[in-house]
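Visitor: Sequence unavailable; structure follows:
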């Protein structure tokens with residue numbers, strides 16, 4: 001699994017008050033092995049749930065969310081986006097906001 005962590009700051013002004021918000025994210029790329037991918041491909045032809053891919057997605061989301069909340073304990077407003085989905089891999093990005 002590949003991981004990328006990032007952050008960016010944004011300052012907004014409302015009247016005389018300034019508020020700095022930090023946007024943080026963690027991206028994870030998860031892949032399956034050839035055998036699991038082959039079996040899922042056969043199941044895709046027949047039809048039905050692709051549990052292998054469901055587990056792969058769940059694992060990527062769980063690990064990305066855990067890493068984000070561990071690295072940035074004050075994070076709020078966590079959301080997730082599937083950024084890429086190919087035959088044997090998935091990329092998930094989890095975003096959060098830190099108000100400061």
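Guide: In hand now; what should we look at? None of the values given here were measured: they were computed from a predicted structure.
Visitor: Could you tell me how far the residue of the chain positioned farthest from its centre is located from residue 9?
Guide: Ranking residues of the chain by C-alpha distance from their mean position (CA atoms, centre = their mean) puts residue 16 at the top, at 36.1 Å. Remark: distance between residue 16 and residue 9 (CB to CB, to the nearest Å) = 20 Å. Using the backbone N, CA and C atoms, a C-beta is placed for each residue, glycine as well.
Visitor: Same question for residue 94.
Guide: From residue 94 to residue 9 the distance is 18 Å (CB to CB).
Visitor: next one: residue 49
Guide: With CB to CB as the criterion, residue 49 and residue 9 are 42 Å apart.
Visitor: top helix in the chain by residue count?
Guide: helix 51-71 (DSSP state H).
Visitor: Off-centre distance for that one?
Guide: Put simply, helix 51-71 sits 7 Å off its chain's centre (CA atoms, centre = their mean, to the nearest Å).
Visitor: Tell me the strands beside the next helix or strand after that helix, with direction?
Guide: As assigned by DSSP states H and E, the chain's next helix or strand after helix 51-71 is strand 76-85. Counting by DSSP bridges, the strands paired with strand 76-85 are strand 89-99 (antiparallel).
Visitor: Check which residues of the strand it pairs with are buried.
Guide: 89-98 (16 or more other CB atoms under 10 Å).
Visitor: now the angle from that strand to helix 51-71?
Guide: Per axes from the mean of the first three to the mean of the last three CA atoms, to 10 degrees, the angle that strand 89-99 makes with helix 51-71 is 30 degrees.
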